[in-house]
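Q: One predicted model, sequence on top.
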Amino acid sequence: MTSAALSAGPRPRAPRGPLRRPGWPRAGLYTLLGIAFSAALTIGARAAYGYDPTVDGEAIVTVSMIAAPLFFLVGLGAFDYWFYWAAGRPTRPEDHSSHGAHSWKDYFRVNTDHKVIGIQYVVTSFFFMLVGGLLAMLVRAELAAPGSQFVDPNTYNGLFSVHASLMIFLFIIPVFAGLANYVIPLMIGAPDMAFPRLNALSFWLLPIAGLMMTASFLAPGGSFSTGWTAYAPLSTEVPMGQLFFTIGVQFAGASSIATALNFLVTIITMRAPGMTFWRMPLLVWANFSTSLLVVIATPFVAASQFFVLLDHALGFNFFVPERGGDVLMYQHVFWFYSHPAVYIMMLPGFGIISEIIAVKARKPIFGYRMMAFSLLAIVLLGFTVWAHHMFVSGMHSWIRIPMMVTTAIIAVPTGIKIFSWLATLWRGVLRVDTPMLFALGFLTMFTLGGISGVVLAIVPVDIAVSDTYFVVAHIHYVLYGGSIFTIYAGVYYWFPKMTGRMYHEGLGKLHFWSTFIAFNATFAPMHLVGLKGMPRRVADYPAEFAGWNLAISIASFILGVSTLVFVYNIVASWRGGARASGNPWRALTLEWQVSSPPPVFNFDRVPTVVGGPYQYGTPGAVHGTFEPPGKEVAERAAAVAASSSGRS
């Protein structure tokens, strides 16, 4: 090669057609190739092993549900960088063409900007929340009167099963990941997440799981109808719709694990200068603790569903007692994940509430270090209580007592948080706007849900009300009154930062009060009908419960309408709300010290953290500065710290 050719540098790449470059056309083509590959692999394997018939539709669909999404992701471009690197090709300079949103189209492709990914997560999660909520409305319409109204019992089972699965795996868990994706790097002074491409892949696994679960209604025999718990051996002996849940959970779980690993590495290694662990905002602590839970616990739910898949598809007999299988083992493995999953759905909300209460009360968080330690205590104790879900399962009776004791003990770190929030509110200068209303609503609703949880921890009471509507009321007070109230609070609180617009305060308060009243009118009466013996997960019920169920159904429809108020407020405000300043709440944490929305790479200069995140009420308090940490800044930070410690 001549010196002239060498000096010219690498030749620019020729433009590629739409089916060769990453994007939706190539993703569609690759999805079809994935289905064809699955069919060929299945038919070839069955022919090689002499199975009759050689062409089996269910086998082809099962393999396609695993292979086609992976081919789709390859076509979309989620693996392009890694394939290019693995092939040993020359390094390409990073032009950041896939980073940041410059038009609405950038939200529909693989994007490595954590802010774009955060919005993708939040919007996608709320879409599946609306789908799950619609299914809940159909359930309540069926239960408005005794007897059969609109659907048969099997369809009813499918409605509540898909409803619960979408709300847990496709809304509550990922929407917290979305809010954290947007906020955490800004809070710790990082330019992005540690692994931006893995972050992008984590998101795109999510809609695959949601569409798979929703599409189960199209399967022969109907959707999966074994609840979100999918207990074996029932889940290994039902029609093909069950596989849509079994495989969908794997994609949702893979998304959660990859996101959690990303958070852990980001928080540990990418904090701004001066941000020690004891200067981190409590939202960062909450997501650090949640990520530990996810990484440790989620492989167990993946294992439980792999066992079901292998039993169903290949006859492995993990859960067939006649062939040495162990039915109870499924429940142990499943709940070893699924009770920590309750805290996966709660701890990020605890962090959100801590941020909002400190800002809106203009006071430092009371007992900051104990709040952080209590998060870690919940992580540890969360793995010691799983069998309280199994008091009537037939397990050894001696296990009940230690599980009852540990369930009572885990209320202690949660109680520390409740008292800390109340102490922070005490004598604060309260600004009771929409985020604060949802924070206060959370305190009351979650406390009531926690009290009923302590009641359910008592073995005789749990046995008496097991599989009744008392349990339905409890889980909704914890997950709706707890998790979803904190989600609403977080969306309203960071909406100005994410969109550069202010929401409509009047509509926000209307949303809160209609939700708060309708929520209690829907779920409080379920405690009463549960105590009277009304069974859950049954499409019909005795006439004595008709009056209560009609009232519950009417209240649930009002609750559904209140959600539409939220959707309208968010969409209308995003399109035409008043422009938001960089820091409308006068908060101290770093995300509020930049413009709204933030720059593409978050900060024009690396911030330096010089104080705690909650020093409200202290004159001259500074959490972070964008100036070099000179003598004057250091002296002022030391004076503020001394003043704070003197008052405490």
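A: Here it is on my side, so go on. Numbers count the residues shown, from 1 in each chain.
Q: buried sites along the helix or strand containing residue 549?
A: Assigned by DSSP states H and E, residue 549 belongs to helix 546-576. Using 16 or more other CB atoms under 10 Å as the burial criterion, the residues of helix 546-576 that qualify are 548-549, 552-553, 555-556, 559-560, 562-563, 565-566, 569-570, 573. Glycine gets a C-beta too; all of them are placed from N, C-alpha and C.
Q: Determine how far the longest helix seen in the chain lies from the middle of the whole chain.
A: Secondary structure assigned by DSSP state H gives helix 282-314 as the longest helix of the chain. Relative to the centre of its chain, helix 282-314 is centred 12 Å away, using CA atoms, centre = their mean, to the nearest Å.
Q: Next, the buried residues of that helix.
A: Residues of helix 282-314 classed as buried: 282-298, 300-302, 304-309, 311-312 (neighbour count, 16+ other CB under 10 Å).
Q: Could you chop this protein up by domain?
A: As assigned by automatic domain parsing, the chain contains the domains 18-86, 105-499+509-576, 600-647.
Q: Output those as JSON lines; include the columns mean pLDDT.
A: Below are the domains of the chain laid out as JSON lines (pLDDT from 0 to 100):
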{"stretch": "domain 18-86", "mean pLDDT": "92"}
{"stretch": "domain 105-499+509-576", "mean pLDDT": "94"}
{"stretch": "domain 600-647", "mean pLDDT": "73"}
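Q: from what I can see residue 583 touches residue 589, true?
A: No. Using CB atoms under 8 Å, residue 583 makes no contact with residue 589, being 9.7 Å away.
Q: and these two? which has more neighbours close in?
A: Between residue 583 and residue 589, counted using other CB atoms under 10 Å, the more crowded position is residue 589 (24 against 17).
Q: if I pick the more buried one, what's in contact with it?
A: For residue 589, the contacting residues are 187, 281, 355, 613, 623, by CB atoms under 8 Å, 6 or more residues apart in numbering.
Q: Spatially, which two of the residues you listed are the most separated?
A: Largest separation among those by CB to CB: 355 and 623, giving 12.3 Å.
Q: Specify which residue of those two has the higher count of neighbours.
A: Neighbours of residue 355 and residue 623, each counted by other CB under 10 Å, are more numerous for residue 355; the result is 29 against 25.
Q: how close does that one sit to residue 365?
A: Using CB to CB, to the nearest Å, residue 355 is found at 9 Å from residue 365.
Q: and if you look at residue 22?
A: Distance, residue 22 to residue 365, by CB to CB: 45 Å.
Q: Neighbour count: these two, which is higher?
A: The residue with more neighbours, out of residue 22 and residue 365, is residue 365; 24 against 18, by other CB under 10 Å.
Q: so the more buried one makes contact with residue 372?
A: No. With contact defined as CB under 8 Å, residue 365 does not count as touching residue 372 (9.7 Å).
Q: Do you have the helices of the stretch 351-500 of the chain handy? List them.
A: Listed in chain order, the helices of the stretch 351-500 of the chain (DSSP state H, counting those that start in this stretch) span 368-381, 400-409, 411-425, 434-457, 459-465, 469-478, 485-499.
Q: May I see the buried residues of the longest one?
A: It refers to helix 434-457. 434-443, 445-450, 452-453, 456-457.
Q: Output the contacting helices and strands for it.
A: helix 347-361, helix 400-409, helix 411-425, helix 459-465, helix 469-478, helix 485-499, helix 505-531 (3 or more CB pairs under 8 Å, 6 or more residues apart in numbering; DSSP states H and E).
Q: if we compare those helices, which one ends up closest to residue 227?
A: Of all the helices and strands packed on helix 434-457, it is helix 469-478 that lies closest to residue 227, at 11.5 Å by CB to CB.
Q: Take the closest one, keep the C-alpha atoms, and write them as CSV.
A: Output of helix 469-478 as CSV, limited to C-alpha atoms (Å, rounded to 0.1, in the frame of the first residue of the first chain):
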residue,chain,number,x,y,z
TYR,A,469,-59.7,-11.7,49.7
PHE,A,470,-57.9,-10.6,52.9
VAL,A,471,-54.7,-11.6,51.2
VAL,A,472,-55.8,-9.7,48.0
ALA,A,473,-56.4,-6.6,50.1
HIS,A,474,-53.0,-6.9,51.8
ILE,A,475,-50.9,-7.2,48.7
HIS,A,476,-52.7,-4.3,47.0
TYR,A,477,-52.2,-2.0,50.1
VAL,A,478,-48.5,-2.9,49.9
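Q: what sits up against it?
A: With contacts defined as CB under 8 Å, 6+ apart, helix 469-478 is touched by 342, 346, 445-446, 448-450, 452-453, 456, 465, 522-524, 526-527, 529-531, 534-536.
Q: what's the answer for stretch 250-261, then?
A: The contact list for stretch 250-261 (CB under 8 Å, 6+ apart) reads 69, 169-170, 173-174, 177, 181, 195, 198-199, 201-203, 205-206, 208-210, 212, 290-292, 294-295, 298-299, 301-302, 305-306, 344.
Q: so how far is that stretch off the chain centroid?
A: Here stretch 250-261 is found 10 Å from its chain centre; the criterion is CA atoms, centre = their mean.
Q: next one: stretch 83-95
A: With CA atoms, centre = their mean as the basis, stretch 83-95 stands 33 Å off its chain's centre.
Q: what's the straight distance from one end of it to the other?
A: End-to-end distance for stretch 83-95, by CA to CA, to the nearest Å: 18 Å.
Q: And stretch 215-226, by the same measure?
A: 16 Å.
Q: swap in stretch 531-541?
A: This stretch, stretch 531-541, spans 14 Å end to end (CA to CA).
Q: List the buried residues of it.
A: 534, 536, 537, 539, 541.
Q: Stretch 497-507 now?
A: Neighbour-count burial for stretch 497-507 flags 497, 498, 499, 500, 501, 502, 503, 504, 507 (criterion: 16+ other CB under 10 Å).
Q: my read: the fourth one touches residue 582, true?
A: No. No contact is recorded between residue 500 and residue 582 when judged using CB under 8 Å, the distance being 9.5 Å.
Q: what does stretch 449-462 rub up against?
A: Stretch 449-462 is contacted by residues 388, 391-392, 400-401, 404, 407-408, 411, 414, 465, 470-471, 473-474, 476-478, 481-482, 527 when judged by CB under 8 Å, 6+ apart.
Q: Now the buried members of these.
A: Buried residues within these, defined by neighbour count using 16+ other CB under 10 Å: 388, 391, 400, 404, 407, 411, 414, 465, 470-471, 473-474, 476-478, 481-482, 527.
Q: what's the burial count for residue 328?
A: So residue 328, with other CB under 10 Å, has 15 neighbours.
Q: which element is residue 94 on?
A: Residue 94 belongs to no helix or strand when assigned by DSSP H and E.
Q: Please apply the same query to the one 5 residues further on.
A: With elements delineated by DSSP H and E, residue 99 resides in a region that no helix or strand encompasses.
Q: Surely it and residue 110 touch.
A: No. Counting by CB under 8 Å, residue 99 does not reach residue 110; the two are 10.5 Å apart.
Q: Have a look at the two and say which one is more surrounded.
A: Neighbour comparison, residue 99 and residue 110: the larger count goes to residue 110, with 23 against 19 (by other CB under 10 Å).
Q: Specify the local secondary structure of the more buried one.
A: At residue 110 the chain is in coil, as set by DSSP: H, G, I helix; E, B strand; the rest coil.
Q: Which strands and helices lie in contact with the longest helix of the chain?
A: Counting contacts by 3+ CB pairs under 8 Å, 6+ apart, the secondary-structure elements packed against helix 282-314 are helix 57-76, helix 173-187, helix 241-269, helix 327-344, helix 347-361, helix 368-381.
Q: For those, give me TSV that also has distance to residue 46.
A: Shown next, in TSV, are the helices and strands packed on helix 282-314 (distance: least, CB to CB, whole Å):
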stretch	distance to residue 46
helix 57-76	7
helix 173-187	37
helix 241-269	17
helix 327-344	28
helix 347-361	46
helix 368-381	46
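Q: Could you point out which of those sits nearest residue 83?
A: Each of the helices and strands packed on helix 282-314 has some distance to residue 83 by CB to CB; the shortest is helix 57-76, at 7.9 Å.
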